[in-house]
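*Asks:* Provided below are the primary sequence and the corresponding predicted coordinates.
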Amino acid sequence: MGFPGTWMTESASMIYRVVPKCACSSIGQIMYYSDHGRYFDGDIHDATSGILKWNQAENQAGIEESVKTHSALTFTCVRNPYGRILSSFFDKIAGIQRNGNRYRGNLVPQLIQRYGIEVGDPGNDFQFDQIKSFRRFLLFARDTIRWRRPMEPDIHWSSMAGHISTFIVNGGRYDQIFFTERFNEGMQKVLDAAPTRVRLDVNDAPRFNESEGHGPKRAHKVSEYFDDLSRHLIWEIYKKDFQLFKYDFDDPDNKLPRQEVDLDEVHAKLGR
């Protein structure tokens with residue numbers, strides 16, 4: 001299976017296991033800068049040079065060697081599951097993508113038909129009942145993850161533990177796992193520990209939110225989207241994410257983790 005979703009700097013100074021909706025655009029750009037002293041002109045997900053990616057076959061041997069010998073600092077980044085699934089909904093379901101189309105072609109029309117979701121459109125300034133539609137989307141996300149119907153689960157709402165575990169199961173080990181909610185602090189620790197070609201103060205780096213501005217703004221605080229049923233579904237889907245990455249399930253409005261990630265626990269529980 002190898003190491004899908006893995007990026008490495010050309011200098012092999014650091015390896016990153018991408019977790020969608022967890023600041024991956026900013027992380028990729030900072031990795032690029034740490035080698036080249038400039039940011040990639042465009043969306044880092046589109047870069048085909050300047051940074052090594054597992055999905056480019058010619059890069060796989062180098063990435064695999066660095067992972068297996070643990071010669072590069074290896075890290076990933078996680079996010080509060082409440083905020084992450086909300087971000088997935090507003091970006092991928094309610095938003096318009098960079099190409100001007102809806103995400104995955106017929107996915108949104110299918111959700112409108114099967115689950116009664118509304119998403120609005122730029123013509124009406126994305127006016128729709130956000131809470132009702134999000135809760136219906138959550139049922140859909142649960143169906144894809146639990147029963148893999150009406151489609152396979154999408155990477156943007158698959159559990160973080162699922163993404164992170166593939167790297168461990170196939171022989172990798174993380175040196176650091178930090179929080180999107182404490183991005184500058186966590187990313188700086190990675191840069192300080194890695195032998196980068198170019199030094200960077202993360203506080204000086206712009207944020208690269210490629211999905212921003214293409215859809216509706218969230219109109220309510222986080223807890224208002226989650227009634228008792230929604231929270232039951234969230235626990236069903238993301239129980240391991242809450243437990244391993246130390247987020248507060250009881251208070252959806254508390255986006256901060258309760259403690260640091262225990263790397264030994266993560267490797268023990270996700271490496272089985």
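*Replies:* The structure has been received and is ready for your questions.
*Asks:* packing partners of the longest strand seen in the chain?
*Replies:* The strand spanning the most residues in the chain, taking DSSP state E as the definition, is strand 73-78. Here strand 73-78 touches strand 14-17, helix 160-169, strand 176-179, helix 183-193, going by 3 or more Cβ pairs under 8 Å, 6 or more residues apart in numbering; DSSP states H and E. The C-beta positions use only the backbone N, C-alpha and C, and glycine is treated the same way.
*Asks:* buried residues in stretch 164-182?
*Replies:* For stretch 164-182, a neighbour-count test (16 or more other Cβ atoms under 10 Å) marks 164-168, 170, 172, 174-181 as buried.
*Asks:* should've said stretch 69-78
*Replies:* Within stretch 69-78, the residues that qualify as buried are 72-78, counting by 16+ other Cβ under 10 Å.
*Asks:* ranges for the helices of the stretch 51-200 of the chain?
*Replies:* Along the stretch 51-200 of the chain, counting by DSSP state H, counting those that start in this stretch, helices occupy 60-69, 81-88, 107-115, 130-147, 160-169, 183-193.
*Asks:* contacts only, for the closest residue to residue 44 other than its chain neighbours.
*Replies:* Counting by Cβ to Cβ, 6 or more residues apart in numbering, residue 28 is the residue found nearest to residue 44 once chain neighbours are left out, at 3.6 Å. With contacts defined as Cβ atoms under 8 Å, 6 or more residues apart in numbering, the neighbours of residue 28 are 7, 16, 18, 40, 44-45, 47, 51, 208.
*Asks:* which pLDDT value goes with residue 28?
*Replies:* Looking at residue 28, its pLDDT reads 98.
*Asks:* how far out from the middle of the chain is the helix or strand where it lies?
*Replies:* Assessed by DSSP states H and E, residue 28 sits inside helix 24-36. Averaged C-alpha coordinates place helix 24-36 at 15 Å from its chain's average position (Cα atoms, centre = their mean, to the nearest Å).
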